[in-house]
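Build me a model:
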Amino acid sequence: MQVALYARVSTARQAENELSIPDQLRQMRDWAQAQGHLVVSEFIEPGASATDDKRPMFQRMLDQAMGKPPVFQAIVVHSHSRFYRDGIEAAVHERRLARNGVKIISITQPTSDDASGELVRNIIRMFDGYQSQENSKHTKRAMQENARQGFFNGSRAPFGYEAVSTDVTGARGRKKKKLILSPPEADVVRQIYRLYLAGLNGIGMGYKEIAKHLTQAGLLMRGKPWNVQKVSIILSDSLYMGDYCFNVRDSKNNCNRPPEEWIKTSIPAIVDADQYERVRVLRESRAPEQSVIPPKSLGSPLLLAGVIRCRCGRAMTLATGKSGMYRYYKCTRKRNEGGHACDSRNLPMEKVDRIVVEQLANRILAPERIQRMMEALRKRIQSGKAERHERIAELERQIKSLDDRQHRLLDAIESGIVELDELTHQRMQGIKTAREALLIQMSEARGQSDTPREIEYLKPSQVDVFAQALRKKLLSKDSLVAKAYIRLLVDEVQVSDDEAVIKGSYAALAHGLHQMKMGTVNQVPTFIPNWRARRDSNS
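Residues are numbered from 1 along each chain as shown. Here you go, the predicted model:
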């Protein structure tokens, strides 16, 4: 019989310091030779827990075992705990493999292939799972006590520190470790705090500028360039003022534990508490609250902020000349990457603003043009309604088909025709997932809002009044009002050296007309977008 050998240890440290894997392989090879089996593959998993299947070599082995035909007829392990420590998951994998003609054989825990052998294997797996949980509990308790005594549990020290062995002996004769300052790295941390608080040469610096400055100066983060995230961690982690906490993160549930479960360990401080607090206050002041403060484009003094774009597709921003005497729109790609990235020229701001506003007021908002656009919109609305109704009907048919499949499968399971196993469970889950996806699509299709129905009954005189009111607002000397209406009506102004293309939404015009009928046309539009994508909540 052709067999594969699978050897595993739980941690990388065990793989480096122990002879467990070589010993497992030696015993399994001897067993295979004595039984007359041919070893065709060996899968070695150094440093991986058996409580789940997130193991690269384990997955590769399963792929070969589930092939048609399988590469081997049996998987040989030293003990069942090497294959899996979770009883339910182990039984599921064993059953899948058995259907494909592949057995799991333990050389130290042999069992028969009948019902009694399966019972014995299940009992062994239950004990393996219990032992794994007990080991985890005791290991966690030992690490927490180690942290309370001021020792370091991790494998790699945080930036700015290094882990050194002490004279205290821990488990298995290993020396316990403590964190001490790493002078070169600690100097970099102090420089980050200084740059964030005081800037460089009188110019303030944020995360990005600090990262660029350190990288260009050759002060790398352990051989790698700095980035915004790394600088943010340095400036926000309380360990740099000597307040290091252990047992903060719950890796299984991917969340932080309650603060009362954290264990604080005193370590040498790199910055003092006052400096850390000043950085914290400055960070909070620089972090805008999105629920209160409008987007940058609305706070910008530029009339076309947020809508003007270069021909290369990037946004354009303010550039000045002659100490602010001249103001231009400049491509952000050209500003950030240089002239080789975009060859567009700077455009005089006042001239561009005037041309866009005049063209928008005199040509786009002309009554006859608006009337044509509203007529086209009415046709689009009617066409969209028919398409949406067809889409909803098709989704309802697909949902009914899935419901019928699910009922047939349940009937087959209840009558004993089909066995409730892993494959059946996967099919049931697949039907459930597909049904949920269709329900989401159904909700989206039903929640798509039409333009107000009142648009279908607007008179030409009302359109004319609307156009005159909007043109008056756009040509107003109040730039904030003009800017608000530009954002209401215009999606994008794409400019090149000698041409500007104004793009807008028919629906935005329709909503403006509706506001005019309701007597709210004089109100400045809000910056808040249509945040509720589907009408499935918050009705």
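
For the rest of this, base every contact and every neighbour count on C-alpha atoms.
OK.

Now do the strands in the stretch 1-150 of the chain.
2-9, 38-46, 74-77, 103-106 (DSSP state E, counting those that start in this stretch).

I meant to write the stretch 251-400 of the chain there.
According to DSSP E, counting those that start in this stretch, the strands that the stretch 251-400 of the chain contains are 255-256, 263-266, 308-310, 316-321, 326-331, 347-348.

As a markdown table, those strands with distance to residue 442, mean pLDDT and mean neighbour count would be great.
Formatted as a markdown table, these follow (distance: least, CA to CA, whole Å; pLDDT from 0 to 100; neighbours: other CA atoms under 10 Å):
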| stretch | distance to residue 442 | mean pLDDT | mean neighbour count |
| --- | --- | --- | --- |
| strand 255-256 | 33 | 78 | 12 |
| strand 263-266 | 49 | 82 | 18 |
| strand 308-310 | 36 | 88 | 25 |
| strand 316-321 | 39 | 85 | 18 |
| strand 326-331 | 41 | 87 | 21 |
| strand 347-348 | 47 | 88 | 18 |
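
wait, which of those strands is closest to residue 72?
With respect to residue 72, and counting by CA to CA, the nearest of these is strand 255-256 at 41.2 Å.

Sheet-wise, list the partners of that closest one with their directions.
strand 249-250 (antiparallel) (DSSP bridges).

Contacts for the partner strand, please.
The contact list for strand 249-250 (CA atoms under 8 Å, 6 or more residues apart in numbering) reads 255, 256, 257.

ok, residue 29 - contacts?
Per CA under 8 Å, 6+ apart, neighbours of residue 29: residue 39.

I'd like the distance from it to residue 104, if you could.
According to CA to CA, to the nearest Å, residue 29 stands 15 Å off from residue 104.

can you check residue 98 too?
Applying CA to CA, the value for residue 98 to residue 104 is 8 Å.

Looking at those two now, which is surrounded by more residues?
residue 104 (19 against 16; other CA atoms under 10 Å).

Quick check, the more buried one in contact with residue 76.
Yes: when contacts are counted by CA atoms under 8 Å, residue 104 is listed as touching residue 76 (6.1 Å).

Below-threshold pLDDT in the stretch 251-400 of the chain: ranges please.
Low-confidence segments of the stretch 251-400 of the chain (pLDDT under 70): 251-252, 287-301, 377-378, 380-384.

picking that back up, of the strands of the stretch 251-400 of the chain, which approaches residue 401 most closely?
strand 255-256 (39.4 Å).

Show me the residue at the heart of the chain, geometrically.
Residue closest to the mean C-alpha point of the chain, counted by CA atoms, centre = their mean, is residue 254 at 13.5 Å.

Summarise which helices and strands the longest helix belonging to the chain is packed against.
When the chain is scanned for its longest helix (criterion: DSSP state H), the result is helix 367-414. Contacts defined by 3 or more CA pairs under 8 Å, 6 or more residues apart in numbering; DSSP states H and E place helix 367-414 against helix 422-447, helix 460-474, helix 506-518.

Now the weakest link among these, please, by mean pLDDT.
With a mean of 57, helix 506-518 has the lowest mean pLDDT of the helices and strands packed on helix 367-414.

and residue 178, how many neighbours?
19.

A helix includes it, no?
No: assigned with DSSP: H, G, I helix; E, B strand; the rest coil, residue 178 falls outside any helix and is strand.

Read off the pLDDT value for it.
For residue 178, pLDDT reads 87.

show me the contacts for it.
So residue 178 contacts 150, 151, 152, 163, 164, 165, 166 (CA under 8 Å, 6+ apart).

rerun at 6 Å
151, 152, 163, 164 (CA atoms under 6 Å, 6 or more residues apart in numbering).

could you dump the residues you listed to TSV with secondary structure, pLDDT and distance to residue 413?
Output for the contacts of residue 178, formatted as TSV (DSSP: H, G, I helix; E, B strand; the rest coil; pLDDT from 0 to 100; distance: CA to CA, whole Å):
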residue	secondary structure	pLDDT	distance to residue 413
151	coil	84	57
152	strand	83	54
163	strand	87	59
164	strand	87	61
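
Report the buried members of those.
Using 16 or more other CA atoms under 10 Å as the burial test, the contacts of residue 178 include 151, 152, 163 as buried.

How about residue 1, nearest residue that isn't a chain neighbour?
residue 37 (4.9 Å; CA to CA, 6 or more residues apart in numbering).

no wait, residue 261
residue 247 (6.9 Å).

quick one: pLDDT of the one you found?
77.

Surely it and residue 264 touch.
No: between residue 247 and residue 264 there is no contact under CA atoms under 6 Å: 9.0 Å.

Would you mind measuring from the residue nearest to residue 261 to residue 166?
22 Å.

what does residue 72 give?
Distance, residue 72 to residue 166, using CA to CA: 50 Å.

and the longest helix of the chain, how far out from the chain's middle?
31 Å (CA atoms, centre = their mean, to the nearest Å).

just stretch 402-421 next, same as before
37 Å.

if we can go back for a sec, please say which of residue 247 and residue 166 ends up with more neighbours.
The neighbour count for residue 247 versus residue 166, taken as other CA under 10 Å, is higher for residue 247 (18 against 12).

and residue 160, how many neighbours does it have?
Here the number of neighbours of residue 160 (other CA under 10 Å) works out to 22.

quick one on the thing from earlier: can you tell me which of the strands of the stretch 1-150 of the chain is packed in deepest?
strand 74-77 (a mean of 24; mean count of other CA atoms under 10 Å).
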